[in-house]
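Peer 1: structure for this input, please:
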Amino acid sequence: MENNRSCYKVILVGDTDVGKTSIITYFDKKKFKDISMITIGETNTRKNLDLDNHRRIKLDIWDTPGEKKFRDVVKTSLHNADGVILVYDIKSKDSFDSIKNYWYDEVKENVRENTRKYRYNFIQYSHDISRK
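Peer 2: Residues are numbered from 1 along each chain as shown. Next up is the predicted model:
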């Protein structure tokens, strides 16, 4: 049966200050934010995409806080995600270790069953490298 859905929820997760907000801003507006503030709660951006098969979908892209005190909020959001992108800073071994030791397991445990079937996406990012 063909999937006729037109809106998909994608969540970016990772530690604080790894570039989740900058990635979403670039994807949406094709520019990087010069100053990034810590995300408190969750924010989202909706973006239309035209696929190769002449079909249009909407991505509802959620920026999540990376601070430990907000992890329960992120965990709840994972329950209805269609996709998850794990983000770490290429210059921070701690942020990569956090993906390995925390975020990857949280995603596996908290996304719904049909989302678990898909590959996991990782983005390595660094604020200063992206602007060159």
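
Peer 1: please name every helix or strand in contact with the longest helix anywhere in the chain.
Peer 2: In terms of residue count, the longest helix belonging to the chain (DSSP state H) is helix 20-29. Contacts defined by 3 or more Cβ pairs under 8 Å, 6 or more residues apart in numbering; DSSP states H and E place helix 20-29 against strand 7-13, strand 43-50, strand 56-63, strand 121-125, helix 127-130. (Each C-beta comes from the backbone N, C-alpha and C, glycine too.)

Peer 1: which of those sits closest to residue 26?
Peer 2: Counting by Cβ to Cβ, residue 26 lies closest to helix 127-130 out of the helices and strands packed on helix 20-29; the figure is 7.6 Å.

Peer 1: so for the closest one, what's the average pLDDT?
Peer 2: Taken as a whole, helix 127-130 has an average pLDDT of 52.

Peer 1: please identify the buried residues of stretch 62-77?
Peer 2: 62, 63, 64, 65, 66, 70, 71, 74, 77 (16 or more other Cβ atoms under 10 Å).

Peer 1: ok, stretch 9-21 next?
Peer 2: 9, 10, 11, 12, 13, 14, 15, 17, 18, 19, 20, 21.

Peer 1: do stretch 51-62 as well
Peer 2: For stretch 51-62, the neighbour count (16+ other Cβ under 10 Å) marks 59, 61, 62 as buried.

Peer 1: out of these, which comes closest to residue 30?
Peer 2: Closest approach to residue 30 among the buried residues of stretch 51-62 (Cβ to Cβ): residue 61, at 14.4 Å.

Peer 1: thank you, goodbye.
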